[in-house]
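J.: got a predicted structure plus its sequence, pasted below:
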Amino acid sequence: MAQSNVFETVMMQFNKAADLMGLDPEIRKILSNTTNEIVVNFPVVMDNGCVQMFTGYRVQHNNVLGPYKGGLRFHPAVNIDEVRALAVWMTWKTAIAGIPYGGAKGGIQIRPWDYSPAELERITRRFTFALGSNIGPEYDIPAPDVNTNAQIMAWILDTYLQMMPPLERNRCVHVVTGKPVESGGSVGRDKATGQGLVYVLEAWAKDHSFPLSGATYIIQGFGNVGSWAARLLKPLGAVLVGIEDHSGAMVNPDGIDPDALAAHVAKQGRAQGYAGGAVVDHETFLSTKADFFIPAALEGQITAETAPLLNVKLVVEGANGPTDLDGDMILQERGIMLLPDVLANAGGVIVSYFEWLQNKRSEFWDLAEVDARLLKQILGAYRRVHDAVERHGTDWRTGAYIVALERLQTVYRERGIFP
Ligand code: GLU
């Protein structure tokens, strides 16, 4: 589950990189703070006629490189500390990816599975209304995250457009990304985070003589990121030997078929009940021997308690912030390599940028074009991080942060601080 001190974690990661690259202390002061923190409490009428109050958040960390950008999550663990940390990670991620955005994040503290689709629609629309002009197509652009999807983005879009004067509506379709394709979304956005992760993993595997064909791996989380990563790793010959989600864990040394499991999860909403593996407990899952591990669920999963259990050579972070500071240290001591979230899961926001560009230009790119551009963009990020790792003789998370901080520092120096 999310740690209450996740913002502290992101700040300590930041300070480590800032020390190593010699970040200007004045710029460090700016980046250590968020810019805007919007908290809204809003009422929604439930199906039974009663009113329920909800709390929603949008934290905008930095927009010096472009509009605020980042997802909205619906989860009971959402709180201001978590959303702050996730917003900061978005600033680094977009800077590393080389796209013209800043960082933001938001969400609603809610158990979404307790509500009917009609209630979720009203909650989403009322939240969008409460956010009002705190979001906007050239200002702050939400997207899907944990427990939010294309349908929820369509409701946000529709609500936002209702609030615009009629003449402006068609100019505002890029207020949100990750929309259904028919409503202005991009093909390839649904699989983009998993696809980007696989592109980064392939590049790293090539550089480190780590054959993916026949490699075994385990995944935590089988939502958008985990399921797409697994489905895309199948044709490369990698073998999924263990999976865990909120309903439990299972292993199978002969391999779990990602497509069959994804079909099961789409129907049942959980991995539990899938016949292709033996049910195991959390510790046994984490101790499963494999070549790599993809955490693709929530923050704070690889910690002082769990990092010693891992029996893999590499961790590829699909989730945001799955490894805390102790976890990082233990992995390094144990010689386990780690490809960090801000690089490995950047494919989602990169294709969000492509969707935004298509909307602005009234264009429609096909899947081959989206994939080719994603590959180029994320490989550029991979190379920049690789270079920073070599230049500073550091770990990949710190190297990735240095890439982001160098870019932000350059822009602050060029533009100066108003007035
Ligand atoms: N929620 C995703 C992330 O954490 C995507 C954000 C976006 O597309 O704006 O990167």
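T.: Ah, there it is. Residues are numbered from 1 along each chain as shown.

J.: spell out which parts of the stretch 151-300 of the chain neighbour the ligand.
T.: Within the stretch 151-300 of the chain, the residues that sit near the ligand (C-beta under 6 Å from any ligand atom) are 177, 178. Every C-beta, even on glycine, is put in place using the N, C-alpha and C of the backbone.

J.: residue of the stretch 151-300 of the chain closest to the ligand, please.
T.: Proximity to the ligand, evaluated over the stretch 151-300 of the chain using C-beta to the nearest ligand atom, is greatest for residue 177 at 5.4 Å.

J.: what of the stretch 101-250 of the chain?
T.: residue 143 (3.3 Å).

J.: for the residue of the stretch 151-300 of the chain closest to the ligand, helix, strand, or coil?
T.: Here residue 177 takes the coil state, with states given by DSSP: H, G, I helix; E, B strand; the rest coil.

J.: number of residues surrounding it?
T.: Residue 177 has 30 neighbouring residues, counting by other C-beta atoms under 10 Å.

J.: any idea how far it lies from residue 359?
T.: Going from residue 177 to residue 359 by C-beta to C-beta, to the nearest Å gives 8 Å.

J.: continuing past the lengthiest helix in the chain, what's the next helix or strand?
T.: Ranked by residue count under DSSP state H, the longest helix found in the chain is helix 367-392. Downstream of helix 367-392, the next assigned helix or strand under DSSP states H and E is helix 396-415.

J.: would you mind getting the angle between that following helix and helix 367-392?
T.: Here helix 396-415 runs at an angle of 90 degrees relative to helix 367-392 (axes from the mean of the first three to the mean of the last three C-alpha atoms, to 10 degrees).

J.: which non-adjacent residue is nearest residue 257?
T.: Computed as C-beta to C-beta, 6 or more residues apart in numbering, the closest residue to residue 257 that is not its neighbour in sequence is residue 276, at 6.3 Å.

J.: ok, that neighbour touching residue 254?
T.: No. Contact between residue 276 and residue 254 fails when scored by C-beta atoms under 8 Å: they sit 9.1 Å apart.

J.: so for the two, which residue has more residues nearby?
T.: More crowded of residue 276 and residue 254, by other C-beta under 10 Å: residue 276, with 16 against 8.

J.: element containing the more buried one, please.
T.: Under the criterion of DSSP H and E, residue 276 resides outside all helices and strands.

J.: what distance do you get for it to residue 290?
T.: 16 Å.

J.: then residue 321?
T.: When distance is defined by C-beta to C-beta, residue 321 is 22 Å away from residue 290.

J.: give me the more crowded residue out of the two.
T.: A direct count of neighbours by other C-beta under 10 Å for residue 321 and residue 290 places residue 321 higher, at 26 against 23.

J.: pull the contacting residues for that one.
T.: 6, 9, 10, 85, 86, 89, 299, 300, 341 (C-beta atoms under 8 Å, 6 or more residues apart in numbering).

J.: if you set the cut-off to 6 Å instead, what comes out?
T.: residue 299 (C-beta atoms under 6 Å, 6 or more residues apart in numbering).

J.: could you do residue 264 as well?
T.: Under the criterion of C-beta under 6 Å, 6+ apart, the contact partners of residue 264 comprise residue 274.
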